[in-house]
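Undergrad: here is the input, now give the coordinates:
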Amino acid sequence: MAAPIYIATRGSALALAQANLILAQCRALIPDQAFDLKVIKTTGDQLQTAALAGGGLPKGLFTKELEAALLNKEADLAVHSLKDLPTELPAGLKLGAATKRADARDVLIYRDVEYLVAEAEPQPASRKLKRGFRPHLTIGSLPGGAVIGTSSPRRGAQLLERRPDLKVVPLRGNVGTRLKKLSEQTELDAIILAAAGLERLQFKIGPIGWLEGSDVPPGLAATYLSLREMLPCVGQAALGIEIRQNDTRISDLCAKLNDEETLSCVTAERAFLSGMGGGCQLAVAAYAEMFGEEIYLRALSYLSGQVQRTEARAPAAEAERLGAQLALALSTHS
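TA: Numbers count the residues shown, from 1 in each chain. The predicted model follows:
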């Protein structure tokens, strides 16, 4: 049997879930080939408690150790949340594939008031009580001054555009850590997470609006935010597979893993992000969809201090030019 093909991944629960999705696809495509995961701790994992001061963490903190493993031939492909993958890759590496996009929406998560009432115990008068809300809460129905936790400048800017009376506070950690903080910390009223990440961790929103899953703290409810309420970040809900440029064997494998429609859409989005500065912690957003042979790209930026929006269509073959064109339009008017 040929030498194993190693798939590099971070070690968080979400990263492992995503890498195992790719692992299963690889094994199905080449049953007689051995595949194994290589779990690597990144600088970003070690800085999960770092504050996002001054515009966020530097680029590549969740990818550079995986890229080093590729370049050193310690791994053959690396699986990333595509939103974490910088638009400029190290020399010798390329984006080999983008998987079919999952649900690109964001989700508002909060404590359910009926659960809090049912579980309430006598509290000292001096102790601050947790605040809860009825299921199907919306951004518009949040009370004035509500505190929303998010590590994303993009999400924070869109929240404050719609509701300048809200308070947005930084929140870091993996999905489970953030859910636990919401459940336990009285100063937090709600948090925002990506629907795709929740789905890949086997969490779902039940019929009455509760967030369900084996590791979900009890008493949490959730509401999907429409793409018009909260435009996603570049690459959200797609997985990116990074490989060595001249590795024809892995390139052939990636061709089978790739979803052409998703790749065209994220190519437009990533070209937009590159034109705006290239960082996933910028207060910008872009989302592309295919309509027949055309790509429709929507984008927004808060980099000038106020919101700027633009949109355009182009043939799928011109995805990169479309993204660059929208970035130029916003940069020119900033």
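
Undergrad: low-scoring stretches of this structure, by residue?
TA: Applying pLDDT under 70 to the chain flags the ranges 1, 43-61, 118-128, 279-280, 333-334.

Undergrad: how does it divide into domains?
TA: According to the domain assignment given by automatic domain parsing, the chain is divided into the following structural domains: 1-100+237-258, 106-225, 259-334.

Undergrad: deepest-packed of the ones you listed, please.
TA: The highest average neighbour count among these, using mean count of other CB atoms under 10 Å, belongs to domain 259-334 at a mean of 19. (C-beta placed from N, C-alpha, C; glycine too.)

Undergrad: what about it, distance to the chain center?
TA: Average the C-alpha atoms of domain 259-334, do the same for its chain, and the two points are 16 Å apart (CA atoms, centre = their mean, to the nearest Å).

Undergrad: and T177, which of the three is it?
TA: Local secondary structure at T177 is given as helix here, using DSSP: H, G, I helix; E, B strand; the rest coil.

Undergrad: sorry, wrong one. I was asking about V216.
TA: Of the three states, V216 takes coil according to three-state DSSP.

Undergrad: so who does it touch?
TA: Taking CB atoms under 8 Å, 6 or more residues apart in numbering as the criterion, V216 is in contact with L179, F203.

Undergrad: and whichever helix or strand L21 is part of, what does it pack onto?
TA: In this assignment (DSSP states H and E), L21 forms part of helix 13-29. The contact analysis (3 or more CB pairs under 8 Å, 6 or more residues apart in numbering; DSSP states H and E) places helix 13-29 against strand 5-9, strand 35-39, strand 77-81, helix 175-184, helix 195-200, strand 239-244, helix 248-257.

Undergrad: tabulate these (JSON lines), appending distance to K100.
TA: What follows is the helices and strands packed on helix 13-29, written out as JSON lines (distance: least, CB to CB, whole Å):
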{"stretch": "strand 5-9", "distance to K100": "18"}
{"stretch": "strand 35-39", "distance to K100": "20"}
{"stretch": "strand 77-81", "distance to K100": "14"}
{"stretch": "helix 175-184", "distance to K100": "21"}
{"stretch": "helix 195-200", "distance to K100": "11"}
{"stretch": "strand 239-244", "distance to K100": "9"}
{"stretch": "helix 248-257", "distance to K100": "10"}
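
Undergrad: of those, which is nearest K130?
TA: Nearest to K130 among the helices and strands packed on helix 13-29 is helix 175-184; the distance by CB to CB comes to 8.5 Å.

Undergrad: now the closest one, how far from the centre of its chain.
TA: Taking the mean of its C-alpha atoms, helix 175-184 sits 17 Å from the chain's own mean (CA atoms, centre = their mean).

Undergrad: show residues contacting it.
TA: The contact list for helix 175-184, computed with CB under 8 Å, 6+ apart, reads 13-14, 48, 109-111, 149, 171-173, 188, 190-191, 193, 197-198, 201, 211, 215-220.
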